[in-house]
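*Asks:* Need a 3D model of the following:
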Amino acid sequence: MSSLVRARPAAASVAARAYGGSSASVPFSSSSSSSVAPARSAAAATAAFGNARILHGSTSCSCTLSTMASHPDPASSYGALHSRFGCARSASSSSSSSSPPSSPLSVLESAARDRRRLLSTAPAPASSAADESTTGKDDDENDDNDSDKESPVQASATVVKQQRLSKVPISEVLNAKHTLRWVEPVISQNANIKEAISVAIERGLSGMMVVDRESTTSTTLGRGKVVGMTTSRDLLRVMDAGFKEGKTANELVEKTVRELMTPLSQVIYARPDETIGTCRTIMAKLGVKCLPILSHGRVEGLITARDISEYHLEAKEGASARGGKKNYLKHVSERVGLSVNTSMADPPAYLQTQLAMESNPLFINVGIAEMPHPFKTPENCGMNARDHGPRDHSSDPDLSEDAYFVCEVDLPDDTSGTEGQVFKHITYMGVADGVGSWREYGVDPRDFSHRLMEECENKLKEESAKAKDDPTSHRIIAPAEVLAKAYERVKEANIIGSSTACVALFDNVRHQLHFSNLGDSGIIVLRHIDSDVAGSLKRDRTTPREDRKSDLRVAFVSQQQLRSFNHPYQFGWTGEELKDDESSFKTAADSCNTSIHIRRGDIIIMATDGLFDNVDIDDIAKIALKWEQKNGFIRGGDIAAREKRWSMGNSMSVQSCETLPELARSLCEKARENSLDSSMDSPFAILAKENDIMW
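*Replies:* Have a look, this model is predicted:
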């Protein structure tokens, strides 16, 4: 039985587009911490919609689109933020390992023989691997050819269907790793960074589980309770952040591992019965290089991309695959050593125009639109048209649980590398989506989200004012820090409720967008990518090249954080602190912190889930392209013609500033239209059906 599922969102949409020009065109004003230049002022439009829902409440969307231009600007950059995110999951699966042979030689021979037997038997048609690899599945190209020739023993065995490497359980990789070399990948939470670096190098570890040696459970057997995880990337990150703050190396290495570890709630893990293909996909999508394997509440070991590669190699070529004279002559001898005249190649021709602009600052225009739930009234929110009655759909933005802010401030740049204090003009923006189910408890869902965004803006203005009086004691504030301070103020004011939130800043010198996101709000970046030169992974495979009108692609989609379907993690306050680790209330420390490199002409969309639940990302790109073509920002998908116009100093920045609210409103209107259309399945509806949920 098929059920139609729809999310009816509140939508607030902010739009911006990159522009370029000479230093005389539309300069930013620095007279006030909240001033906005006329050509880049945030233009607010009204409208949006939300829905009171059992788990999460009203959905909504706010879109922030941005465009950049070449503009001389005496500013430096804000150091890149890095991402570390995940969500807690319950372990339910296990793996069983057979007892190893008694002698070391038999151990190696048995492990190699088992891996070859698992991957080899009757060879499958060679074309099947190629066919599957081109469909975007997990399998490696030519995985069908991973087996050795059959031994006489194997030839006499029963012939079974060949198994791809990507289908092998990850427990096999872990068992093979432990068979060859057992190293306990743990470190005490009280160890300092110096000790952590030594342990990582001596044991050849790229990741370690952090344990509390003084706390044990029935399953720890005295080894200590796992409290987090740390990786080599974490060690480098804390050193880099410390150097930027002016700390010495000696000071940094004395920090404890507890201060830099990834907490348990953010550790991404795999289960023993999950396949190599699944684990590779997780690593690629989330940008992690190390996965703990969890079984019955215990970490059986850590798997890295290198472990998978070595397993693949040995399964294909045997235990001697990495050593010996033959392997050296075949794989190493002709690839070792660089000539003294070696140099770096020039960037590809299709990137040179963009790279020529890297030395010039980029700026963003911002446009905003907002719409409440179509059935929202000052007294209530109807679940359907019957509840709402014969009235017109709601259009008053004050009724929306969504909130946003756009704030431009001047803050000292402590990374400029120049003598004297340099102030940088920074654009901050944010969206929040209040949880509508608070209405059932007599709480207005708008209060929390609106106050959270208000306090974000207040904090930034205060810091900008203080920096002018004492520049040496202030610096550019990271989005996560802005959210953390605002959240504390909301709790101090005893504002009951909860909200998802996303806050970003744009560094116009390094062309970086830094953001912090908690919940199911987020950011997407649209970019024109010439598929003839960008590689097969970026090509539109469904439309012939001659029939394509544009190469506008989704270049980035931010990570969402959900406890369960339609139940995002969120900032919240009930009047007292919740000590339950399983609560959906989180802090800014649990948010996803990421940086994206932005190019001139990119379109950045920041929105709450009202947009993403109701409009497919490809449809968002089509709406953005239609807006570009309508206003002449790009004609017929001709990227070269656009870059030629830029080189002549025509960035059309004024027109983009004036028309961006139209794009933002078009996105909100499309979200509302889809939410009211009972004949279509929205992204929200499709996801609900995939999870067997009636909504």
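
*Asks:* Just want the phi and psi numbers for the nearest residue to Val173 once chain neighbours are set aside.
*Replies:* In space, and not counting its chain neighbours, Val173 is closest to Tyr311: 4.6 Å by Cβ to Cβ, 6 or more residues apart in numbering. No exception for glycine: its C-beta is placed from N, CA and C like everyone else's. Per-residue torsions, Tyr311: phi -60, psi -40 (degrees, to the nearest 10).

*Asks:* Over to Phe363?
*Replies:* phi -130, psi 160.

*Asks:* Quick check: it touching Asn508?
*Replies:* Yes - under the criterion of Cβ atoms under 8 Å, Phe363 makes contact with Asn508 at 5.5 Å.

*Asks:* Looking at those two now, which is surrounded by more residues?
*Replies:* Neighbours around Phe363 and Asn508, counted as other Cβ atoms under 10 Å, are more numerous at Phe363. The numbers are 29 against 24.

*Asks:* Read off the pLDDT value for that one.
*Replies:* The score at Phe363 is 86. That number is its pLDDT.

*Asks:* Same question for Ala501.
*Replies:* pLDDT, Ala501: 96.

*Asks:* circling back to that earlier point, OK, contacts around the residue nearest to Val173?
*Replies:* By Cβ atoms under 8 Å, 6 or more residues apart in numbering, the residues touching Tyr311 are Arg115, Glu172, Val173, Ala176, Lys177, Ile276.

*Asks:* biggest separation within these, which pair?
*Replies:* Of all pairs drawn from the contacts of Tyr311, the widest gap by Cβ to Cβ lies between Lys177 and Ile276 and measures 12.6 Å.

*Asks:* okay, these two: which has more neighbours?
*Replies:* Taking other Cβ under 10 Å, Lys177 and Ile276 do not tie; Ile276 has more neighbours (26 against 21).

*Asks:* For that one, give its distance to Ala305.
*Replies:* With distances taken as Cβ to Cβ, to the nearest Å, Ile276 is found 11 Å from Ala305.

*Asks:* same deal with Glu245?
*Replies:* For Glu245, the distance to Ala305 (Cβ to Cβ) stands at 32 Å.

*Asks:* Leaving out sequence neighbours, find the closest residue to Gly228.
*Replies:* Met261 (3.6 Å).

*Asks:* Dump stretch 276-293 to CSV, restricted to CA.
*Replies:* Output of stretch 276-293 as CSV, limited to C-alpha atoms (Å, rounded to 0.1, in the frame of the first residue of the first chain):
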residue,chain,number,x,y,z
ILE,A,276,34.2,-3.2,2.5
GLY,A,277,32.1,-1.3,0.0
THR,A,278,29.9,0.2,2.7
CYS,A,279,32.9,1.2,4.8
ARG,A,280,34.6,2.8,1.8
THR,A,281,31.4,4.8,1.0
ILE,A,282,31.2,6.0,4.6
MET,A,283,34.8,7.1,4.6
ALA,A,284,34.4,8.9,1.3
LYS,A,285,31.1,10.7,2.1
LEU,A,286,32.1,11.8,5.6
GLY,A,287,35.8,12.5,4.9
VAL,A,288,37.1,10.1,7.6
LYS,A,289,40.1,7.8,7.2
CYS,A,290,39.7,5.6,10.2
LEU,A,291,36.6,3.6,11.3
PRO,A,292,36.2,1.8,14.7
ILE,A,293,34.5,-1.6,14.3
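
*Asks:* Pull out the buried residues from that stretch.
*Replies:* Ile276, Gly277, Thr278, Cys279, Arg280, Met283, Val288, Cys290, Leu291, Pro292, Ile293 (16 or more other Cβ atoms under 10 Å).

*Asks:* What of stretch 621-634?
*Replies:* In terms of neighbour count (16+ other Cβ under 10 Å), stretch 621-634 has its buried residues at Ala621, Lys622, Ile623, Ala624, Leu625, Trp627, Glu628, Asn631, Phe633, Ile634.

*Asks:* could I get the residues you listed as CSV with secondary structure, distance to Pro683 and pLDDT?
*Replies:* Converted to CSV, the buried residues of stretch 621-634 look like this (DSSP: H, G, I helix; E, B strand; the rest coil; distance: Cβ to Cβ, whole Å; pLDDT from 0 to 100):
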residue, secondary structure, distance to Pro683, pLDDT
Ala621, helix, 14, 91
Lys622, helix, 14, 90
Ile623, helix, 15, 94
Ala624, helix, 17, 93
Leu625, helix, 19, 91
Trp627, helix, 21, 94
Glu628, helix, 23, 92
Asn631, coil, 27, 91
Phe633, coil, 27, 90
Ile634, coil, 26, 87
